[in-house]
Every structure is written in structure tokens, then in C-alpha cells.
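Asker: Show me the folded form of this:
(3 chains)
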Amino acid sequence: MNGRIARFAPVLLLLAAFAIYIGIALATDQSQYLTFDNLLGLLGRSIALGITAVGQTFAILIASIDLSVANLISVAAVLASYIMSGDPSMMLPAVVAVLLVGAVVGLVNGLIITQLEVNPLIATLGMALILQGLLSASFTNFAGEVPKEFQTFAYGEVGGVSVSLVFLVILTGAAWAFLKFTRMGSNIYSVGGNADAAKLAGVRTARVVILAHVICSLCASVAGLYLASRLRSGAPWIGRDGVYDLESIAVVVIGGTVLAGGRGGVWGTLVGVMIFSLIDSIFNIAGVDAFAKQILRGVIIVAAVAVYAARSKRIEA
Amino acid sequence: MTLKYLTTFVAGAALVALPVMAQNYDDPVEFAKQEAMLADTPNGSADTPWLQHYGTDMVDTSAYAQDGAATICFSNAGVNNPWRVVGWETMQAEVDLQGDRIAEFIVTDAEGSDDKQISDIDDLLAGGKCDVLIVSPNTTSALTPAVEKAAEMLPVVIFDRGVNTDAPVTFIKPIGGYGFGIQSGRFIAENAPAGGKVLMLRILPGVDVLETRYTSATHVLEDAGMEIVGVEFTDGDRAKTKSIVEDYLQRFGTLDAVWLDAGATSVAAIEAFEDAGMDVPIVTGEDQQDFLQKWQELGLTTIAPTYPTYQWRTPIIAALSILDGESIPGPEWNLPQPAITADNLADFVNPAMPPLHYAACGCEGMPNYPERWGGK
Amino acid sequence: MMARLLRINPVYLVLLVLLIAIAIQSPHFLQPTGYMNFLKRAAPIAILAVGQLYVITSGGFDLSTGSVVTLTVIGSSILLGQNPDATWMVITAMLAGGVVIGVVNALVVAYLRVPSIIATLGMMITLGGIALTWSGGSPRGYLPDTYRFFGRVLIKDLPVIKILPVALIVMVVVCGLLWLLMHRTNYGKLLHAVGDNPKSAHFAGVPYVQVRVVAFVVSSVTAVIAGILLGGFAGVSTSVGTGLELQAITAAVIGGAQLLGGRGAVGSTVAGALVLQAIFTLLNMLGFPKPIRDVVQGVILISAVALATYRRRKTGS
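Answerer: Purely as a prediction, here's the structure:
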């Protein structure tokens, strides 16, 4: 596949998905779904996934991976609703606490990977188990609720567009700017592309890896805050229910970021989120039942990735 | 408008002031209420338990009356466990049974995700076709805002799990989790040796309908002086259940009863005793066919409380009654919750049905029985 | 002396310590009913772990094995529900299905160049969907005693050991054959070569694709066998395979398998599976609630890999 076309592959896939969606909507006489509001809302269904996936992009860019995001999301949501306990004045302390926890988890992940030299899959898998255990053990003592003011994060609107959507776009923009314009950003790409070469060139690779994981975990924490806002309280199964770990990886890869690191970016990830969302909506509109949906989802993930991988001459693991 | 704000504020303040209450699974008031219902006789014919109700509270629906066939919308939390699978089939059979009264039955499946169910309800409302909305909420507090929003636009019927608002027209449920725990706990207390060893097996923590069963059973067992030797989580996995029981038999040599909060893994617990060459003590279950058949085969002493799947029939009937302007039980419609005992076991056993078919489905005689439910 | 000791895989020492700890905690364990039941329960995981070892040694991951287990149990129950006497035919059909799944996995990885994480993830989701669609969400039939023979039956009245679970016999046979294949045939050497350095293996003329096909087929077939054992042990359920692939990876890693390929041994993987089972049993006996077990599993996972990496660096192997 020509390099230039390949770069636009995610967008092409998105347009194809859009075409299918519109086609099915017209064919099944459900054109009331084709309003601008509704189409905008398609992205709005996947805010949590989008926020998580932006973070996951950082991890994958440095040729790492983070499987602990789903449980971290649950931790963030439960912690937030517990600290807030319905009290608007506790909103800020709760947000700070949750972000702090996220940063610590990311730090620990990064340290295990760089200092103990543990494979990222195992390191974050282990962290996921630890978080799950801590959650289950303490949940009954951490009942809480989110005050109505905090719910504007998920339900509020500004100028007709939802606050959360605006937030997601701004977050993606900030991430993109960081990656493109800062030294650390380009370090991330070089460490991901070839860690040894980067080290020889004087880059402190350990710091880069740790930073990427901290960013990834911070994003997961924010996604947890969003979900707490949307669902009015946190619960230990929120992260697992949404399958945010595997889906965020799939979405990042569909968006063009390569699992081996060094190539890709956050805007592609956002396109990946839209594609996923559209696929879900296509299934909804076409009336596909939940089980068949699962079969198709698995096939689509593999197919989408195969489309990109076709141009790679690398022997895959 | 101000009144609404005021009531919302007061309700919100109440919820805020007592955050723990929102997740309280050990409520003595509800316990007593359900205990009383268990002893009470429901109104209506025992041949159609899905139409029976306790008490006399009714709700007036004449404001919703309309002519013509109805378009019923249903937001399903999911079909992610065999209980919901049986219930969903039963509901579809009820829709078939109602025939022309229903013009269209629009369904969304949230696949077990709160987030998705909120979006699903938004979608159904945006579609603009619903005359009435039935919701089976995935979790209580998360779905409350969505249900409130929907109730402003059309009549809403909730069933199985409730929401923290009385905006719906009615909330259909069997007596409840406390009742379930009381039934099985009491059977053990009355039939196991005094001070006997009881192992309690639970599926997972934090699920409201299961937590209430556990707390009420614990109260009943402790009050009767039984010794609870362990409380373990099985994840609803049969292999884990069997392993756990085997381990406890190793540790304690013998057990006088095994209490389970649901029946899907009861047979695995029973097999642990069989494989160890021991007599099977009291192992509680539910109305799954494999448990009932094992019970009959081995002549066991046990009880099967139910959380009947016929409750999936009632929302359709309620929805149609609402659109006919007929009054229905509300704001809570409490259905009977019979327990299967040695006396009526034979009525429920049916080897032609699949192992995890729930016998108290009220589906014999419905269109396509038994094939729709997987039977022969 | 230290160097000699370091060369013995620590997993055997850890296993010994754990078994002693269990025996102290519960002397029942020293009876045949104790240790034989322990082995009976460990058998499915051990078999699964050895299968996973093949794929790990070749440099990849197989995340689909849990779903293969579930599909085997559900599929067998549906087919046998109609014809209870067809046990052997159904078992053969399931094994054949395992081969097909393994081949598909391998081809997607080798020819479509999809990373094995994504390919087997997609397969896991798809197979899960197939199991649900086929059964309609709830198991459709009972497993007859002839089928459950493998997972459930104990041969009784034997001298000394008193009882012998059939599952243990299956485990010894299967793992024995796989040990032969990996350590006594040329294939095993090729497998290690492909995992260690795919590029140079490729240039050296190693039939890269065939090697991976065999590895993935072994993985899927062991999953089918594990499914037969688990279904036999406990009966039908829709969630029997959930999380098993992660347990298999954990077991292989505890046994010292190197992630991303190049080294692994069947014996120490089986020991790793037994260690995992021993840890669960010990925690159960000590009365630790499940959440703590999750935390422990996570910590062990990370420590095992960290130790293995440390050991590799110190012994230069």
C-alpha cells in the first residue's frame, strides 16, 4: 500500500463506516437518526473510551502497553464518588486525589518496566490484578455518590455541544501538541522506534517510558472521573464492563499507531474511536443481536489491523 | 416547576446526607417488609402468578390511554446470564401472545454496561416512536437520571431492579432479595443440626440483588445459632465452586449445609460431596432444571427459592394496561416469590428442558413452548 | 555452588516450599484425597500452560485459549445433548475444531502480519460470540458421564496412592508428548530459533510459517483438552474459560518462559502451573478472601518475571 494512502487509511475507514451507516439507516427507514445532533452524539457515546485511548496511545508509542487501565478507571470512579460523597465542596479534593492515584499507578508501572525490566504486558497485567483485588476488598466501605454539580462533566452542554466532547477534543489537541512540539514528545517517538539507538543518542529512555505510562494512567483516571460523573457513582466493575483495556488498544491500533512503537498519533486514535462508535451504531441500526455483534466485532478488529499491517514487511510476533 | 425543583433538592439532599443508605444492603425496614409479604397471600389467581400482587396500592393510568396498537420500547440491561436469557425468551413469547395489541416491539441490549444503557435510552427517546418504555436497569443509581428524563416524556415501567426515583409508573418485582435469603436461610436453620457448620457461597460482591440475599440469610442463620465456617466468592464458576467445597471438606471434614446465593453452581457443590463419597447435606439452590433434577435423583433435603422469570411477562401486560388507561398495581408491583419444596418438586422437574432453564418461568402453554426455551 | 543453584530453575524450589506450607497448614493434604485432588484440579491449567508455552517460545501470545475452552464445553454439551452416545465423535470434532482455530490464528499472524496479541484477541472475542450464539446464551444440554470420565473420575482402590484421577493421567500423557516434541525433536529447536531471532531464523531457511502453525495448533488443541477436563470436572457453564489464558501465561512465566520468545521448558511450565494452583490452595486454606488472592496473583506475576530477568542477567544465559 502506498505510504501516502496508508497514512490516511484510518480516515478512509471512517468514511467507509459512515457510508455504511447512512446506507443502512436509509435502507431500513430509520432516517430520523441522520441528524447532525445524532451523528455528533455518536462520538459522545465513547467519551470514556476516547479519553482512555489517548493515554493508551502514549504507552503504545513507546512500544509498551497498558492493560491496567480498565481497573484503574474503576478505582478512579469509586474513589471519586467516595471522596465527594455528594458534597460539591469536595469535588476539587476528589479530582486531585484521583489524579494523584493515577500518577502513582503510572509511575509504578513505569518503574516495574524500566527498573525491574519486566515485560509491559506482564507488569500492567499484574498491576490490573492488584488494583482489582484492592477494589473488591474495599468496595463495601467506599460507597459514595457524585454531586449534581460534578455531573455537568458528563451531561453539561456548552453552545449545543456536550462539555465532555469538547474536553475530549481539547485533550487530544493538547496531547498532539505535546507530541509534536516538545522535546519529550519527539523523545517518545524515538524511544518507541528504536530504544537502543535513542539511548546511544543520549535520550534518558527510562524517564521517557515512565512519563508515557504516567500520562496513560492519568488519562485512565480522567476517564474514571467522567464515568463517575455519568453514572452518578463509581462501582468496581465499571472498567471491566466497558472492556476499556482491550478496546483502547484496539482503537489505538485501528487509528494507525503501530504496536511496535514509534509511529502513529493521537488524532488517529480519535478517528479509531469514531470508527468503533460507528460500528456499534451500525449494529444497533441494523438490529444485529448482542451475540452476533460480538462475533463481528472480533473479526473487524483483526481485519482493520490487517489492513495496516499489510504494508509492513516486518516479521510479526 | 419550583415544586419539582424543591422536591428534587430535598430528595437529593436526602441522598447526599446519607450516602451509605444509597448502597445499604442490610436494611431492617425492607427486611421486615419482605418477611411480611412472604407470609401474606397475594391478590389474584395462583394459576397466573405473573398477574398477582400484594397489597392494594394501585396507580391511575387514565392519562396515558390511547387508541390503536401500541409501540412498546424495551431497554434491556443485557442477556449476559442464563436467568436473563430465559426471562428474555419469556418476554418475547408474551409479546407474541399479545398479538395485534402490539404494533411494534423495539428493543435495545446494553450488553451489561451502564454507559451503553444510558445511551440506549437516549436513542430510544430520539427515535420518537415509543408509546411506553420498559426498562430493566443494569444498576440502580447509574440509570436513575436516564429513567427520570424518559419519564418526563412517556410512561415508564421498571422491573427486576429499581431506580432511585418514583418517576416510573410502576416498579415490578418479586418480593425481593431479603425474601430469598430468608427462605433458604430459614430452611437450613430448621433442618440442619443445631449449631451446624454452614458454608456460604456467593457469586460476587457489590451486586445489590445478591447482597441482600446474603445479609438476610446471614441474619437468619446467626439468629438460629448456626456456625458459618466460611463465606467465599465463586464468580459463578462451577469448577471454582466445586474446588472450594472440596477444600472446605478437607479442612473441616464435614459440612452440615452449603448456602448459595444463586442456583447456577449448586450442582457443582453437590458433586463435590458425591465425588468425596460423602452424603450430601443441605445444599440450597434455585429453580434451574439441573438442580431440580439432581434433587429428585438423589432424594435430597433442600429448598429452591426462586426469583421467578415470569416477572418478564408482567411488564408487557402492565405496559398494555397503561395504554388502555386501566389502573395497575403501583408504585410497586410485588409479585409472588414461591420456593420449590419437596412437596411441589415434581411439578417443576422437566428433563426435556436445558440444564440452566429456570422452571418458574410461567412459560408452559406459551407460543412455541418448549423449543423457544431450548427444550425438546 | 551459587552458580549451580542459580541454574536450577527456582520454580521447583518455590513449588517445594509451597507444598510443605500447605501440608503444615492442613495435614489432610498428605493424604491421597488431598494431593490427588490438588493434581486433578491443576491438570487443566498445566496442559493449557504448556500449550501457551509453545506460542510464547515462538515469540507471541495466544489470548484465545480461554474462549476455546468455553466453546469446547458449550459445543460438546449442545452436540451431546442431542446424542448422548456420541462422546468419542464429539471429542474428535472438538479436537479438529481446535486444529482449525490454531491454523487460522497462525495464518493471521504469519500472512496478514497482525500482531499475535490482536489476532488472538480478535479470535477470543469472535469465539466467545460463537459460543453465545450457538447456545443462545445458556448451555443447551448435559454432558454425559462418558464425556465427564476424563475430568471427574477417580480410579479407586489402588495401592499406596489409593486414588488416581483420570485427569492426572491425561495431563501426564499430554505434557509428556509435548515435552518430547519440544525437547527431543528438531521441531523444538526450530521453535526456539524462531522465537529467539525471527529474522535470522528466516534467513537461515527455517520454515517460519509451519513452525508457527504447529505452535498455535498445539495451543488451541491443549485448550480443547483442558476444556474437556474442566467440563468433565464441573459440568457446563458459559463462563468456564474466562481468564484462563492469563492464568496460563502466568504459569508459563512463573516457570521461566521468556516473553517475546526464545526460551522455555515444558517441565518448569508444568511446575509453574502447580505453583499457581498451590498458591491459590494455600491462600484458600489460610482463609484469605478472594480480593487478596487477586493482589497476590498480581504481585507474584510481576515478581516471577522480575526474578527470571534478574536470573538471566546474573547467569548470563
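Asker: residues near the residue in the stretch 101-250 of chain B that chain A sits nearest to, how many?
Answerer: Of all residues in the stretch 101-250 of chain B, the one sitting closest to chain A is residue B:142 (3.7 Å; C-beta to the nearest C-beta). Placement of C-beta: from N, CA and C, glycine included. For residue B:142, the tally of surrounding residues (other C-beta atoms under 10 Å in any protein chain shown) stands at 24.
Asker: for residue C:85, same thing?
Answerer: Considering only other C-beta under 10 Å, residue C:85 is surrounded by 10 other residues.
Asker: and if you look at the one 10 residues further on?
Answerer: Residue C:95 is flanked by 15 other residues according to other C-beta under 10 Å.
Asker: Would you list the phi and psi of it?
Answerer: Backbone geometry at residue C:95, expressed as degrees, to the nearest 10, gives phi -60, psi -40.
Asker: My guess is it contacts residue C:222. True?
Answerer: No: in this structure, residue C:95 is not within contact of residue C:222 by C-beta atoms under 8 Å, at 10.4 Å.
Asker: Residue nearest the middle of the chain, spatially speaking?
Answerer: This is for chain A. Taking C-alpha atoms, centre = their mean, the centroid of chain A lies closest to residue A:53, which sits 1.8 Å from it.
Asker: not quite, I wanted chain C
Answerer: Within chain C, and using C-alpha atoms, centre = their mean, the residue nearest to the centre is residue C:48, at 1.4 Å.
Asker: Shouldn't the residue of the stretch 101-250 of chain B closest to chain A be within a helix?
Answerer: Yes: assignment of residue B:142 by DSSP: H, G, I helix; E, B strand; the rest coil places it within a helix.
Asker: Quickly note the distance from it to residue A:77.
Answerer: 10 Å (C-beta to C-beta, to the nearest Å).
Asker: between the two, what contacts are shared?
Answerer: The contact sets of residue B:142 and residue A:77 overlap at A:231, A:233, A:235 (C-beta atoms under 8 Å, 6 or more residues apart in numbering or on different chains).
Asker: Is the biggest helix by length in chain A in proximity to chain C?
Answerer: Secondary structure of chain A per DSSP state H: the longest helix is helix A:205-231. No: judged by C-beta under 8 Å from any C-beta of the partner chain, helix A:205-231 stays clear of chain C, getting no closer than 14.2 Å.
Asker: Show me which residues of that helix are buried.
Answerer: A:205, A:208-231 (16 or more other C-beta atoms under 10 Å in any protein chain shown).
Asker: which of those come close to chain B?
Answerer: When contact is defined as C-beta under 8 Å from any C-beta, the buried residues of helix A:205-231 meet chain B at A:227, A:230-231.
Asker: Rebuild those as a markdown table, extending it with pLDDT.
Answerer: What follows is those, written out as a markdown table (pLDDT from 0 to 100):
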| residue | pLDDT |
| --- | --- |
| A:227 | 91 |
| A:230 | 87 |
| A:231 | 85 |
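Asker: Can I get these in JSON lines including distance to residue B:24?
Answerer: Formatted as JSON lines, these follow (distance: C-beta to C-beta, whole Å):
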{"residue": "A:227", "distance to residue B:24": "23"}
{"residue": "A:230", "distance to residue B:24": "23"}
{"residue": "A:231", "distance to residue B:24": "19"}
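Asker: out of the residues you listed, who's nearest chain B?
Answerer: residue A:231 (3.7 Å).
Asker: Let me know the distance separating residue B:69 from chain C.
Answerer: Distance, residue B:69 to chain C, by C-beta to the nearest C-beta, to the nearest Å: 29 Å.
Asker: Correct me if wrong: that residue contacts residue B:98.
Answerer: No: with contacts counted by C-beta under 8 Å, residue B:69 stays clear of residue B:98, the gap being 9.7 Å.
Asker: what's the neighbour count on residue 153?
Answerer: In the absence of a named chain, chain A is used. Quick note: residue A:153 (other C-beta under 10 Å) scores 22 neighbours.
Asker: Let me rephrase: I mean chain B.
Answerer: By other C-beta under 10 Å, the residues close to residue B:153 number 11.
Asker: Please apply the same query to residue A:233.
Answerer: 27.
Asker: Tell me which helix or strand it sits in.
Answerer: Taking DSSP states H and E as the definition, one finds residue A:233 inside no helix or strand.
Asker: By mean pLDDT, which helix or strand of the chain comes out lowest?
Answerer: I'll assume chain A. Within chain A, no helix or strand scores below helix A:3-7, which has a mean of 58 by mean pLDDT, DSSP states H and E.
Asker: hmm, I had chain B in mind actually
Answerer: Min over SSEs of chain B, mean pLDDT, DSSP H and E: helix B:19-22 (a mean of 35).
Asker: got a list of what the residue in the stretch 151-300 of chain C positioned nearest to chain B touches?
Answerer: Proximity to chain B, evaluated over the stretch 151-300 of chain C using C-beta to the nearest C-beta, is greatest for residue C:234 at 3.7 Å. Contacts for residue C:234 (C-beta under 8 Å, 6+ apart) come out as B:237-239, B:241-242, B:268, B:271, C:151, C:240.
Asker: what about 10 Å?
Answerer: Residues near residue C:234 by C-beta atoms under 10 Å, 6 or more residues apart in numbering or on different chains: B:237-243, B:265, B:267-268, B:271-272, C:41, C:73, C:143, C:148, C:151-152, C:240.
Asker: Number of residues surrounding the residue nearest to residue A:290 when sequence neighbours are not counted?
Answerer: Leaving aside its chain neighbours, residue A:290 sits nearest to residue B:109 (4.5 Å; criterion: C-beta to C-beta, 6 or more residues apart in numbering or on different chains). By other C-beta under 10 Å, the residues close to residue B:109 number 23.
Asker: partner residues bridging residue B:109?
Answerer: Beta-bridge pairing for residue B:109 (DSSP bridges): residue B:76.
Asker: Isn't it up against residue B:85?
Answerer: No: if you go by C-beta atoms under 10 Å, residue B:109 and residue B:85 don't touch, sitting 11.7 Å apart.
Asker: Name the residues contacting each of those two.
Answerer: B:78-79.
Asker: For the stretch 1-150 of chain A, which segments count as helices?
Answerer: A:3-7, A:9-27, A:36-44, A:47-61, A:69-84, A:91-114, A:120-138 (DSSP state H, counting those that start in this stretch).
Asker: cool, chain B as well?
Answerer: For chain B, the helices defined by DSSP H cover B:2-17, B:19-22, B:28-39, B:82-98, B:114-127, B:140-151, B:177-191, B:208-223, B:238-252, B:266-275, B:289-298, B:314-324, B:345-348.
Asker: Could you save those as a markdown table and add columns showing distance to residue C:90?
Answerer: Below are these laid out as a markdown table (distance: least, C-beta to C-beta, whole Å):
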| stretch | distance to residue C:90 |
| --- | --- |
| helix B:2-17 | 54 |
| helix B:19-22 | 50 |
| helix B:28-39 | 45 |
| helix B:82-98 | 22 |
| helix B:114-127 | 36 |
| helix B:140-151 | 42 |
| helix B:177-191 | 36 |
| helix B:208-223 | 35 |
| helix B:238-252 | 19 |
| helix B:266-275 | 21 |
| helix B:289-298 | 19 |
| helix B:314-324 | 39 |
| helix B:345-348 | 29 |
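Asker: for chain A, what are the nearby residues on the stretch 1-150 of chain C?
Answerer: Proximity of the stretch 1-150 of chain C to chain A (C-beta under 10 Å from any C-beta of the partner chain) is limited to residues C:58-61, C:63-64, C:67, C:104-105, C:108-137.
Asker: Give me the secondary structure label for residue A:298.
Answerer: helix.
Asker: Cool, thanks, talk later.
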